[in-house]
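In: just a sequence and a predicted model for now, questions to come.
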Amino acid sequence: MNSGLPTIGIDASRALVAKRTGTEHYSANLIRALANLPEAQRYSFVLYANIDSEAEAREKLGFDLPPSWRIRAIPFSRLWTHLRLSWEMATRSPGVLFVPSHVVPLWHPRRTVVTIHDLGYLRYPQAHTRLSRLYLHLSTIFSARAARQVIAISEATRRDLVTNYKINPRKIKVVYHGRDPGFAPVLDGVRIEETAARYGVSKPYCLHVGTLQPRKNLDMLVEAWSRLREKMERPPQLLLAGKRGWLYDSLIRAVESRSMGDLIKFADYVEQGDLPVLYSGALAFTFPSLYEGFGLPPLEAMSCGTPVLASSASSLPEVVGDAGLLLDPQDPGAWSDAVQRIMEEGELRQRLSRKGLERAALFTWERCARETLDVLRDRG
């Protein structure tokens, strides 16, 4: 480590998981973008990782780090953040600690910054055990109050922090996610057809990406497709792509009870390389979620030029803006009408595709990293 440079420490443990979802993608992409910022080279960074060796951490990151960066590998089986990382902070604390994933260690530097992604456990407590809810509540309120500054990934999350935990709004900075440059329009029709077939659908199809759980509001989408079947001779198929969450079985029963198995297909975890292909081949991306801290999938879809139909709830209007159709998440008739319009109105599809690409271009990890670095070096 360059001892002559101010030191910024980052809890990188979430960036090293094998199958990354929202928070893990955020951590990894932000670290990569920070490493590529010219102005970040004025600092010495150390990544704290709950892993056996520095070599293993570098392999899991999958990208090179500048010479002024180093990895502190600290294997520890349980309560890594609260015990082992706290001990690290007590014995060799950096000038600033950045925690990209909610939980600040019990012992931490005076200048600690934490990113809080959402307060979904308050909106949907039934998705968690009582013990899990208590942990999330206590750890989030502790982190938000203990940190010098808080990064919220949307205005919706910022409002939730102020409303539910009375956090001073002046200490919260909204910094939006970036878009992964790997998400771009795929124009190879053969590749699209082959990839779609592997997941059980063919064009025309619509797509949803995200963990299959009640707050994603997929029962409503099933009802919308039931109505589509009644009014269209050949409605598009719907591919629900994502790992199975809690109460997944009730969603399966909803599809089966309506005899929708021919129209609605399920795919488990989709390989990262297949996602841009599935997005690009889709007639539309449907995202009726009732609550999101940010909502990466609509941004990914817009990056691929796919028309977006999204819920008008929580943070999603901040992401989609006027580049998609924002719909009442409780109105299946509005969703079936919107899908039919997308199916029948080529001019609408082209307009949403063009506006989506323009909108997605505003969300870059370079911007996210620069705004995050501004928070990290704020000495106020």
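Out: Looks like it arrived, so ask away.
In: where in this protein is pLDDT low?
Out: For the chain, applying pLDDT under 70 flags the ranges 1-3, 18-21, 379-380.
In: and the nearest residue to Trp365 once chain neighbours are set aside, what does it touch?
Out: Leaving aside its chain neighbours, Trp365 sits nearest to Gly178 (3.2 Å; criterion: C-beta to C-beta, 6 or more residues apart in numbering). Backbone N, C-alpha and C define where each C-beta goes, glycine included. By C-beta atoms under 8 Å, 6 or more residues apart in numbering, Gly178 lies in contact with 29-30, 33, 363-369.
In: of those residues, just the buried ones, PyMOL syntax please.
Out: Typed into PyMOL, the line below selects the buried ones among the contacts of Gly178, using 16 or more other C-beta atoms under 10 Å:
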select buried, resi 29+30+33+363+364+365+368+369
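In: filter the contacts of Gly178 down to just the ones in strands.
Out: Among the contacts of Gly178, the subset assigned to strands under DSSP state E is empty.
In: of the contacts of Gly178, closest to Glu39?
Out: Here the nearest of the contacts of Gly178 to Glu39, counting by C-beta to C-beta, is Ala369; it sits at 9.6 Å.
In: need the single longest helix in the protein, by residues.
Out: In the chain, with assignment by DSSP state H, the single longest helix is helix 130-146.
In: list the buried residues in it.
Out: Counting neighbours by 16+ other C-beta under 10 Å, helix 130-146 gives 133, 136-137, 139-141, 143-144 as buried.
In: cool, stretch 37-51 as well?
Out: Buried, per 16+ other C-beta under 10 Å, within stretch 37-51: 37, 40-41, 43-51.
In: check these and tell me the two furthest apart.
Out: Farthest pair in the buried residues of stretch 37-51 (C-beta to C-beta) is Gln41 and Asn50. Separation: 26.6 Å.
In: show residues contacting stretch 28-37.
Out: By C-beta under 8 Å, 6+ apart, stretch 28-37 touches 10, 12, 15, 20, 40, 45, 47, 61-66, 69, 100, 177-178, 180, 365-366, 368-370, 372-373.
In: ok, the contacts of Gly178 vs Pro169, which is closest?
Out: Cys368 (20.6 Å).
In: how much space between the residue nearest to the closest one when sequence neighbours are not counted and Asp219?
Out: Spatial nearest neighbour of Cys368, chain neighbours left out: Gly178 (4.4 Å); criterion: C-beta to C-beta, 6+ apart. Counting by C-beta to C-beta, to the nearest Å, the separation of Gly178 from Asp219 is 32 Å.
In: residues near Leu119, how many?
Out: Leu119 is flanked by 23 other residues according to other C-beta atoms under 10 Å.
In: if I look at it, how far off is Tyr165?
Out: Using C-beta to C-beta, Leu119 is found at 8 Å from Tyr165.
In: overlap in contacts of these two?
Out: Thr140.
In: Ser315 is in contact with Ser154, correct?
Out: Yes - when contacts are counted by C-beta atoms under 8 Å, Ser154 is listed as touching Ser315 (3.7 Å).
In: which residues do these two both contact?
Out: Joint contacts of Ser154 and Ser315 (C-beta under 8 Å, 6+ apart) are 293-294.
In: show me what contacts Pro6?
Out: Applying C-beta under 8 Å, 6+ apart to Pro6 gives the contacts 42-44, 95-96, 377.
In: closest to Gly324 among the residues you listed?
Out: Of all the contacts of Pro6, Gly324 sits closest to Arg377, with 35.3 Å by C-beta to C-beta.
In: and the closest one, how many neighbours?
Out: 17.
In: list the contacts of it.
Out: Contacts for Arg377 (C-beta under 8 Å, 6+ apart) come out as 6, 43, 96.
In: returning to that earlier point: so which of the contacts of Pro6 are in strands?
Out: 44, 96.
In: want to throw the contacts of Pro6 into JSON lines with distance to Glu193?
Out: Output for the contacts of Pro6, formatted as JSON lines (distance: C-beta to C-beta, whole Å):
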{"residue": "Arg42", "distance to Glu193": "49"}
{"residue": "Tyr43", "distance to Glu193": "48"}
{"residue": "Ser44", "distance to Glu193": "50"}
{"residue": "Gly95", "distance to Glu193": "54"}
{"residue": "Val96", "distance to Glu193": "50"}
{"residue": "Arg377", "distance to Glu193": "49"}
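In: strands of the stretch 101-250 of the chain, start to end?
Out: Assigned by DSSP state E, counting those that start in this stretch, the strands in the stretch 101-250 of the chain fall at 112-116, 149-152, 172-174, 205-209, 237-241.
In: phi, psi of Val99?
Out: phi -110, psi 110 (degrees, to the nearest 10).
In: do you know how far it is from Arg42?
Out: 21 Å.
In: same question for Arg351.
Out: According to C-beta to C-beta, Arg351 and Arg42 sit 44 Å apart.
In: can you tell me the SS state at the closest residue to Leu65 other than its chain neighbours?
Out: In this structure, Leu65 finds its nearest non-sequential neighbour in Ala35, 5.3 Å apart by C-beta to C-beta, 6+ apart. On the three-state scheme (DSSP: H, G, I helix; E, B strand; the rest coil), Ala35 is labelled helix.
In: tell me, how many residues neighbour Ala35?
Out: Neighbours around Ala35, by other C-beta under 10 Å: 19.
In: tell me how far it lies from Gly62.
Out: Counting by C-beta to C-beta, the gap from Ala35 to Gly62 is 12 Å.
In: do His117 as well
Out: 22 Å.
In: those two: which is more packed in?
Out: His117 (21 against 10).
In: that one touches Thr157, doesn't it?
Out: Yes - the pair His117 and Thr157 qualifies as a contact (C-beta under 8 Å) at a distance of 6.7 Å.
In: overlap in contacts, the two.
Out: Going by C-beta under 8 Å, 6+ apart, residues that sit against His117 and also against Thr157 are 293-294.
In: quick check, Ser70 in a helix?
Out: Not quite, residue 70 is Arg, not Ser. No - secondary structure of Arg70 (three-state DSSP): strand, not part of a helix.
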